[in-house]
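Peer 1: need a 3D model of the following:
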Amino acid sequence: MPVKIPAALPAAKILTSENIFIMDDQRASHQDIRPLKIAILNLMPAKEVTETQLLRLLGNTPLQIEITLLTMASHKSANTSAEYLNMFYRTFESVKDQKFDGLVITGAPVEHLSFEQVDYWNELSEILEWSKTHVYSTLYICWGAQAALYYFYSIDKQLLDSKVFGIFEHRVLNPVHKLVRGFDDTFRAPHSRHTAIRREDIEKFSDLEILAESDEAGVFLVASRDGRSIFITGHAEYDADTLAKEYQRDLARGLSISIPHDYFPDNSPEKLPPVSWRAHANLLFVNWLNYFVYQETPFDIAAIN
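Peer 2: Below you'll find the model as predicted:
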């Protein structure tokens, strides 16, 4: 079943070429079904890229999903034009009276700042508070996960001695949990961050459960006991070349950057890296949508509280 997005959104052409089922408003209006309402708060600079990555995963389910793209009114994007944002994005102010089955909050390249130093922190805090009563389940990614853990639990991120950058192996800690249903005992996933959340800080809270971790990259997947908050410290949504582009970008800027861990064949940046995390990325999003959104959210979306 399809993901419902504007026909003119650039991601639509890419997803159609990949045989991912998308639907515009006209076609969706003829289906007698309530679509899941999913909002994406896109904090990443390259918004078109992130949109496509997330929509590719959200569209790989038997569910009809209506997408609302959100941007921060308190932040001026340096990488995405105001025209593009005005055409495809909405602000929190314009949707705060609505309710959503699910919400995705992306990462953001601001981890060098304390949370309170981020120029949109007050607005993000308002969204996080609003989500408790207006969203059934929220998926937080990378810095988005760190921000939510800080806001809700006062768990602060910790600066690392070196960047966690590359593809890392993780192990599933609770294989009967619905979020990791179908996962192999070990799986691979991308990371790209200078900070981390410590296991011992999460373990202080009985309503949080660590579901997957890596010896090298640390905690990867955390869920609240009620399933309404899912925290991912890495980037399961990344494309094959995303880390390569980050590596080349940092080299061009003259930054000190190591070759991504276990990424390029033979550690050669000239060789195209194979994707070894796609299956589990799809399964993670499918499980979230199925077990924590579709099967749990009330049919009358107004009943979410």
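
Peer 1: determine how far the longest strand anywhere in the chain lies from the middle of the whole chain.
Peer 2: When the chain is parsed with DSSP state E, its longest strand is strand 158-172. Here strand 158-172 shows a centroid-to-chain-centroid distance of 17 Å under the convention Cα atoms, centre = their mean, to the nearest Å.

Peer 1: cool, stretch 295-305 as well?
Peer 2: Per Cα atoms, centre = their mean, the centroid offset for stretch 295-305 relative to its chain is 22 Å.

Peer 1: average pLDDT for it?
Peer 2: For stretch 295-305, mean pLDDT is 88.

Peer 1: pull out the buried residues from it.
Peer 2: Buried residues in stretch 295-305, counted by 16 or more other Cβ atoms under 10 Å: T297, I301, I304. Heads up, the C-betas are built off the backbone N, CA and C, glycines and all.

Peer 1: again with stretch 199-208
Peer 2: D201, I202, F205, L208.

Peer 1: what's downstream of the helix or strand of the chain with the lowest mean pLDDT, the next helix or strand?
Peer 2: Lowest mean confidence among the helices and strands of the chain (mean pLDDT, DSSP states H and E): helix 25-28, at a mean of 54. Downstream of helix 25-28, the next assigned helix or strand under DSSP states H and E is strand 36-41.

Peer 1: check which element follows that next one along the chain.
Peer 2: Per DSSP H and E, strand 36-41 leads on to helix 47-58 as the next helix or strand towards the C-terminus.

Peer 1: so what touches the helix or strand following that next one?
Peer 2: Next in sequence after helix 47-58, counting helices and strands by DSSP H and E, comes strand 65-71. Strand 65-71 has contacts (Cβ atoms under 8 Å, 6 or more residues apart in numbering) with 2-5, 28, 35-42, 47, 51, 55, 58-59, 77, 85, 88-92, 95, 100, 289.

Peer 1: what ranges does the stretch 51-200 of the chain have for its strands?
Peer 2: Counting by DSSP state E, counting those that start in this stretch, residue ranges of the strands within the stretch 51-200 of the chain are 65-71, 89-91, 100-105, 135-141, 158-172, 186-196.

Peer 1: redo those as TSV? Include distance to F152, mean pLDDT and mean neighbour count.
Peer 2: What follows is the strands of the stretch 51-200 of the chain, written out as TSV (distance: least, Cβ to Cβ, whole Å; pLDDT from 0 to 100; neighbours: other Cβ atoms under 10 Å):
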stretch	distance to F152	mean pLDDT	mean neighbour count
strand 65-71	19	97	21
strand 89-91	23	97	17
strand 100-105	12	98	24
strand 135-141	10	98	25
strand 158-172	18	96	17
strand 186-196	17	97	20
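
Peer 1: need those strands in a markdown table (columns: distance to G254).
Peer 2: Below are the strands of the stretch 51-200 of the chain laid out as a markdown table (distance: least, Cβ to Cβ, whole Å):
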| stretch | distance to G254 |
| --- | --- |
| strand 65-71 | 31 |
| strand 89-91 | 33 |
| strand 100-105 | 31 |
| strand 135-141 | 28 |
| strand 158-172 | 16 |
| strand 186-196 | 17 |
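
Peer 1: any idea which of those gets closest to E213?
Peer 2: Closest to E213 of the strands of the stretch 51-200 of the chain is strand 158-172 (Cβ to Cβ; 6.2 Å).

Peer 1: what angle do that closest one and strand 186-196 make?
Peer 2: Relative orientation of strand 158-172 and strand 186-196, computed by axes from the mean of the first three to the mean of the last three Cα atoms, to 10 degrees: 170 degrees.

Peer 1: counting contacts, what elements does strand 158-172 pack onto?
Peer 2: Applying 3 or more Cβ pairs under 8 Å, 6 or more residues apart in numbering; DSSP states H and E, we find strand 158-172 packed against strand 186-196, strand 208-214, strand 218-224, helix 242-252.

Peer 1: what packs against the longest helix seen in the chain?
Peer 2: Looking across the chain with DSSP state H, the single longest helix is helix 121-134. If contacts are counted by 3+ Cβ pairs under 8 Å, 6+ apart, helix 121-134 sits against helix 92-95, strand 100-105, helix 143-153.

Peer 1: out of the buried residues of stretch 199-208, who's nearest E116?
Peer 2: Distance to E116, by Cβ to Cβ, is smallest for D201 among the buried residues of stretch 199-208, at 18.4 Å.
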